[in-house]
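**Student:** What follows is a predicted structure for the sequence shown.
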Amino acid sequence: LAKTTQPISMDSYEGQEVNITCSHNNIATNDYITWYQQFPSQGPRFIIQGYKTKVTNEVASLFIPADRKSSTLSLPRVSLSDTAVYYCLVGLMEYGNKLVFGAGTILRVKS
Amino acid sequence: DGGITQSPKYLFRKEGQNVTLSCEQNLNHDAMYWYRQDPGQGLRLIYYSQIVNDFQKGDIAEGYSVSREKKESFPLTVTSAQKNPTAFYLCASSIGGEETQYFGPGTRLLVL
């Protein structure tokens, strides 16, 4: 059963905007979409959460289309310290609406 | 200072030995979770508990056991039946079962 799909890795340069998309075709009707950041040998850190449309906080924006089958994490003006793995977390109907982590996207920011 | 603590940071297991990883939270969260992370891989759910004295198996529960006798504590035992226990173990908690999860710093388990 397909879970969620994220690009395995992405490269960027300092100061650029980075967009990471997670596909979740069978997202549970009432569940939020959450994104986390993880550095090596640390626990994941909450970045942003949304249900639909657009959410923005001090570190990122989250874009969710009307059908909610995908979500895009947007990191404005990345720096070297944004090099990390980024995960989406959603509830999936085929798993009884259980929350399921994506496989993660390795973001490498270069100077 | 509120948060989730995990101990120890590193743990070594001998062949045939059971070891227990500690997870404590003072956030007054009802739900707690254990995940396993292998090098270069995502997080896989081992067990979760939505309320005291109740817990459910996740995707990879075989070879593991848990208890939830207190709201703030959710220890994970890696039994001798788990043949490949070397991994990074992460504990998380949330207000309810579908709320944002907050993670501890992790425990790295190594086999001697």
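**Tutor:** Sure, I can see it. Numbering: from 1, shown residues only, chains lettered A, B, ... in the order given.

**Student:** need the contact list for the closest residue to residue B:14 other than its chain neighbours.
**Tutor:** Taking Cβ to Cβ, 6 or more residues apart in numbering or on different chains as the measure, residue B:14 lies nearest to residue B:112, with 5.2 Å between them; neighbours along the chain are not counted. For the C-beta atoms, the positions are set from N, CA and C on the backbone; glycine is no exception. Going by Cβ atoms under 8 Å, 6 or more residues apart in numbering or on different chains, residue B:112 touches B:12, B:13, B:14, B:15.

**Student:** Residue A:9: neighbour count?
**Tutor:** 11 (other Cβ atoms under 10 Å in any protein chain shown).

**Student:** Find me the pLDDT at it, would you?
**Tutor:** The predicted structure scores residue A:9 at 96 on the pLDDT scale.

**Student:** now do the one 4 residues further on
**Tutor:** At residue A:13, the predicted lDDT confidence score is 97.

**Student:** partners of the residue of chain B found nearest chain A in the sheet?
**Tutor:** Proximity of chain B to chain A (Cβ to the nearest Cβ) peaks at residue B:103, 3.3 Å away. On DSSP bridges, the residues paired with residue B:103 through beta bridges are residue B:92.

**Student:** Surely it is in contact with residue A:44?
**Tutor:** Yes - because the distance of 5.0 Å satisfies Cβ atoms under 8 Å, residue B:103 is recorded as touching residue A:44.

**Student:** Now do the least confident helix or strand in chain A by mean pLDDT: distance to the chain's middle.
**Tutor:** Across the helices and strands of chain A, mean confidence by mean pLDDT, DSSP states H and E is lowest for strand A:98-101: a mean of 78. Average the C-alpha atoms of strand A:98-101, do the same for its chain, and the two points are 13 Å apart (Cα atoms, centre = their mean, to the nearest Å).

**Student:** quick one: contacts of it?
**Tutor:** Here strand A:98-101 has contacts from A:3-4, A:31, A:87-92, B:35, B:42-45, B:98, B:101, using Cβ under 8 Å, 6+ apart.

**Student:** still on that earlier bit, got a list of what the residue of chain B closest to chain A touches?
**Tutor:** By Cβ under 8 Å, 6+ apart, residue B:103 lies in contact with A:36, A:43, A:44, A:45, B:4, B:90, B:91, B:92.

**Student:** Secondary structure element for the closest residue to the fourth one other than its chain neighbours, which one?
**Tutor:** The one in question is residue A:45. By the measure of Cβ to Cβ, 6+ apart, the closest residue to residue A:45 outside its immediate chain neighbours is residue A:37, 5.0 Å from it. Element membership of residue A:37 [criterion: DSSP states H and E] is strand A:33-38.
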